[in-house]
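1. Provide a 3D model corresponding to the input given below.
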Amino acid sequence: MSAAEGPLVVGVDSSTQSTKVLVVDAATGRVVASGQAPHTVSIGEGRESDPRQWWDALRAALHRCGDAAREASAVSVGGQQHGLVTLDAHGDPVRPALLWNDVRSAPQARRLVAELGGPEAWARRTGSVPGASFTVTKWAWLAEHEPEAACSVASVRLPHDYLTERLTGEGTTDRGDASGTGWWASATEAYDEDVLGRIGLDPALLPRVVRPGEVAGTVRDIHDLPFSKGTLVAAGTGDNAAAALGLGLLPGTPVLSLGTSGTVYAVSEHRPADPSGTVAGFADARGDWLPLACTLNCTLAVDRIAALLGVDREAVEPGTGVTLLPYLDGERTPNLPNASGLLHGLRHDTTAGQLLQAAYDGAVHALLGALDRVLDQDADRTAPLVLIGGGARGTAWQQTVRRLSGRPVRIPEAGELVALGAAAQAAGLLTGEDPAAVARRWRTADGPVLDPVERDETTLTRISGILSDAAPLLERGAREH
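-> Okay, the predicted model is just below:
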């Protein structure tokens, strides 16, 4: 390893299926070491993981970084949003964490929205209309279905909070991740005691919200971690807010993130409050806002279709009118938590490649449909879309986004933007800089720009029409056994 120009920092991305760690030179942004370890997620109706897996994966990934991790001066954790982590008085999980893509709490979401005055009241108060992904609905589900477990809970955390607390011994979170719970009011930037009272959750069980730029704590004397005692720990944040930091986003720049879930977002200086529920009014990790729309079905769903067809994920062929809505795990945007996938327009001459292209089209259609709501009125609608996530490297994803958006597409060369954003947050603790400015100094968003092509209005209109016509079937869903 060549000598670093500045202090080293560690950025962590604890995602749904794995934990990734980067050791980064704070002066240049150069990645000097990296490590990764997997998690498991339950299959079936729910989506759950044992939080202790995340800690074990973090330790394994850090050890794979070798001596570089031992030299780090600061660390920050970015993690999957919305997950409900319930701990007992000893800090051990009461039960597996309910993850963001566990949609069993859809009935509780509908009830809570109605009880607190409807969608507009929720949007004004918390910035978002909670769906089944939001943590508030998951606690309501737990209290209703597993009351004994709920009664034994001594603290409630989000996934990134859990790892940060294991590092520091202090229960903390940040405004970015807290804004995805449904019990943090964006209007006041504080926990909403009325919401908490309605779901029977004592605010004393929640972590302290650390301010942007504030130190959350220092690493405890934990002998199985390659950190020096006293290493600074940043507040951390949710994965999308971390990726926004990792790109050094300026207000108005649109991002499409193609991962297990798909998201569209942009930094905004204005507090969002969308009563339709399409846009979640999240806070970012700096002090601004991060209006965001999320689909549950993105790369994982399209890859599943490719596997069912027995073809490579890039083996797409131009379509001939076939439509595939790949709602394999229900859906969040549009809000159809009980939906299943829907195929329309199948003919004798339909090929496997055309079916696969239809899956790409269905996934991208949902994301682009939310983009206009995410962007402020003064945003430049002709600016390149920034394409990130695992799917961003795929030619089929790139070409589908270009064709259905009609806009240029930028593909940053930097990978692991969640971990890079966490590293930039850690670096900001050392230098006093805005973490987004750190990332811009690191030039993380640099990459080729693909020219725009003519927008495929025919396909967009066809998918929208079929989605509208099939609404009763999709709302009834596949869970009527």
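2. quick check: end-to-end length of stretch 239-257?
-> 11 Å (Cα to Cα, to the nearest Å).
3. check which residues of it are buried.
-> By neighbour count with 16 or more other Cβ atoms under 10 Å, stretch 239-257 contains the buried residues 239-249, 252-257. (Glycine included, C-beta is placed from N, CA and C.)
4. repeat for stretch 402-415
-> Within stretch 402-415, the residues that qualify as buried are R402, R403, L404, S405, R407, V409, R410, I411, P412, A414, G415, counting by 16+ other Cβ under 10 Å.
5. my guess is the fourth one contacts L387, does it?
-> So that's S405. No - between S405 and L387 there is no contact under Cβ atoms under 8 Å: 9.9 Å.
6. report all helices and strands that the helix or strand hosting A293 contacts.
-> Applying DSSP states H and E as the criterion places A293 in strand 289-295. The contact analysis (3 or more Cβ pairs under 8 Å, 6 or more residues apart in numbering; DSSP states H and E) places strand 289-295 against helix 239-247, strand 262-265, strand 280-283, helix 352-374.
7. tell me where the model's unsure across the stretch 1-150 of the chain.
-> 1-2 (pLDDT under 70).
8. again, 80 this time
-> 1-4, 6, 44-45 (pLDDT under 80).
9. next, the contact list for H39, please.
-> T16, Q17, S18, T19, S49, Q53, W54, A57 (Cβ atoms under 8 Å, 6 or more residues apart in numbering).
10. assign the first one to helix, strand or coil.
-> For T16, the secondary-structure state derived from DSSP: H, G, I helix; E, B strand; the rest coil is coil.
11. how near is it to A89?
-> According to Cβ to Cβ, to the nearest Å, T16 and A89 sit 28 Å apart.
12. ditto for the fourth one
-> Taking Cβ to Cβ as the criterion, T19 is separated from A89 by 26 Å.
13. looking at these two, which one has more neighbours?
-> Neighbour count, other Cβ atoms under 10 Å: between T19 and A89, T19 has more, with 27 against 9.
14. the residue nearest to L375 when sequence neighbours are not counted: neighbour count?
-> Leaving aside its sequence neighbours, L375 sits nearest to A266 (Cβ to Cβ, 6 or more residues apart in numbering; 5.6 Å). Neighbourhood size, A266 [other Cβ under 10 Å]: 24.
15. L167 against A235, yeah?
-> No - at 11.8 Å, L167 does not count as touching A235 under the criterion of Cβ under 8 Å.
16. okay, the two: which has more neighbours?
-> It is A235, of L167 and A235, that has more neighbours when counted by other Cβ under 10 Å, with 29 against 24.
17. only the buried residues of stretch 77-90, if you could.
-> V77, G78, G79, Q80, Q81, H82, G83, L84, V85, T86, L87.
18. pLDDT below threshold where in the stretch 251-400 of the chain?
-> 319, 372, 376-381.
19. wait, T295 touches S261, no?
-> Yes - if you go by Cβ under 8 Å, T295 and S261 touch, sitting 6.2 Å apart.
20. where do the contact lists of these two overlap?
-> Counting by Cβ under 8 Å, 6+ apart, the residues touching both T295 and S261 are R332.
21. returning to that earlier point: quick one, which of the contacts of H39 are buried?
-> Buried residues within the contacts of H39, counting neighbours by 16+ other Cβ under 10 Å: T16, T19, S49, Q53, W54, A57.
22. now render those residues as TSV, adding secondary structure.
-> Formatted as TSV, these follow (three-state DSSP):
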residue	secondary structure
T16	coil
T19	strand
S49	strand
Q53	helix
W54	helix
A57	helix
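23. ok, now how distant is the closest residue to A178 other than its chain neighbours from A363?
-> Spatial nearest neighbour of A178, chain neighbours left out: W184 (4.1 Å); criterion: Cβ to Cβ, 6+ apart. Distance of W184 to A363, given as Cβ to Cβ: 30 Å.
24. returning to what we had before: from the buried residues of stretch 402-415, which is closest to P448?
-> Among the buried residues of stretch 402-415, I411 lies closest to P448 (Cβ to Cβ), at 5.8 Å.
25. what sits against R455?
-> By Cβ under 8 Å, 6+ apart, the contact list for R455 reads R403, L404, S405, G406.
26. what's the answer for A315, then?
-> A306, A352, G353, L356.
27. could you redo the last one with a cut-off of 6 Å?
-> Residues near A315 by Cβ atoms under 6 Å, 6 or more residues apart in numbering: G353.
28. then G390?
-> Here G390 is in contact with G259, T299 (criterion: Cβ under 6 Å, 6+ apart).
29. please repeat the previous calculation with a cut-off of 10 Å.
-> By Cβ atoms under 10 Å, 6 or more residues apart in numbering, the contact list for G390 reads S15, S257, L258, G259, T260, C298, T299, L300, D303, W397, G415.
30. return the distance of the helix or strand encompassing L167 from the chain's centre.
-> Here L167 sits within helix 159-168, counting by DSSP H and E. Centre-to-centre, helix 159-168 and its host chain are 17 Å apart (Cα atoms, centre = their mean, to the nearest Å).
31. for stretch 228-235, same thing?
-> Centre-to-centre, stretch 228-235 and its host chain are 24 Å apart (Cα atoms, centre = their mean).
32. how far does it stretch from start to finish?
-> 18 Å.
33. could you do stretch 110-129 as well?
-> End-to-end distance of stretch 110-129: 10 Å, with Cα to Cα as the criterion.
34. ok, now stretch 142-154?
-> 14 Å.
35. now do stretch 382-395
-> 22 Å.
36. chain center to that stretch: distance?
-> For stretch 382-395, the separation from the chain centroid amounts to 16 Å (computed by Cα atoms, centre = their mean).
37. just stretch 431-447 next, same as before
-> Centroid displacement of stretch 431-447 relative to its chain, using Cα atoms, centre = their mean, is 20 Å.
38. isn't the residue nearest to A178 up against P130?
-> No - counting by Cβ atoms under 10 Å, W184 stays clear of P130, with 11.3 Å between them.
39. shared neighbours of these two, anything?
-> Counting by Cβ under 10 Å, 6+ apart, the contacts common to W184 and P130 are V136, V195.
40. hang on, the earlier thing: how close does the residue nearest to L375 get to A283?
-> Distance of A266 to A283, computed by Cβ to Cβ: 14 Å.
41. again, but for L325
-> For L325, the distance to A283 - Cβ to Cβ - is 31 Å.
42. before we move on, what about G415?
-> In terms of Cβ to Cβ, G415 sits 26 Å off from A283.
43. same check, this time on L385
-> Distance from L385 to A283, by Cβ to Cβ: 23 Å.
44. in the stretch 301-450 of the chain, which spans are helices?
-> For the stretch 301-450 of the chain, helices defined by DSSP state H, counting those that start in this stretch occupy the ranges 352-374, 395-405, 417-431, 435-442.
45. what mean pLDDT does the shortest one get?
-> Averaged across helix 435-442, pLDDT comes to 97.
46. repeat for the third one
-> On average, the pLDDT along helix 417-431 is 97.
47. show me how far that helix is from its chain's centre.
-> 17 Å.
48. tell me what angle it forms with helix 435-442.
-> Angle, helix 417-431 to helix 435-442, by axes from the mean of the first three to the mean of the last three Cα atoms, to 10 degrees: 100 degrees.
49. may I have helix 417-431 as PDB, with CA atoms only?
-> Output in PDB follows, covering the C-alpha atoms of helix 417-431 (Å, rounded to 0.1, in the frame of the first residue of the first chain):
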ATOM      1  CA  LEU A 417     -21.200   5.300  -3.400                       C
ATOM      2  CA  VAL A 418     -23.000   4.500  -0.100                       C
ATOM      3  CA  ALA A 419     -19.700   3.500   1.500                       C
ATOM      4  CA  LEU A 420     -17.900   6.500  -0.200                       C
ATOM      5  CA  GLY A 421     -20.600   8.900   1.200                       C
ATOM      6  CA  ALA A 422     -20.100   7.400   4.700                       C
ATOM      7  CA  ALA A 423     -16.300   7.900   4.200                       C
ATOM      8  CA  ALA A 424     -16.900  11.500   3.200                       C
ATOM      9  CA  GLN A 425     -19.000  12.000   6.300                       C
ATOM     10  CA  ALA A 426     -16.200  10.600   8.400                       C
ATOM     11  CA  ALA A 427     -13.600  12.800   6.700                       C
ATOM     12  CA  GLY A 428     -15.800  15.800   7.400                       C
ATOM     13  CA  LEU A 429     -15.300  15.100  11.100                       C
ATOM     14  CA  LEU A 430     -11.600  15.500  10.700                       C
ATOM     15  CA  THR A 431     -11.400  18.400   8.300                       C
END
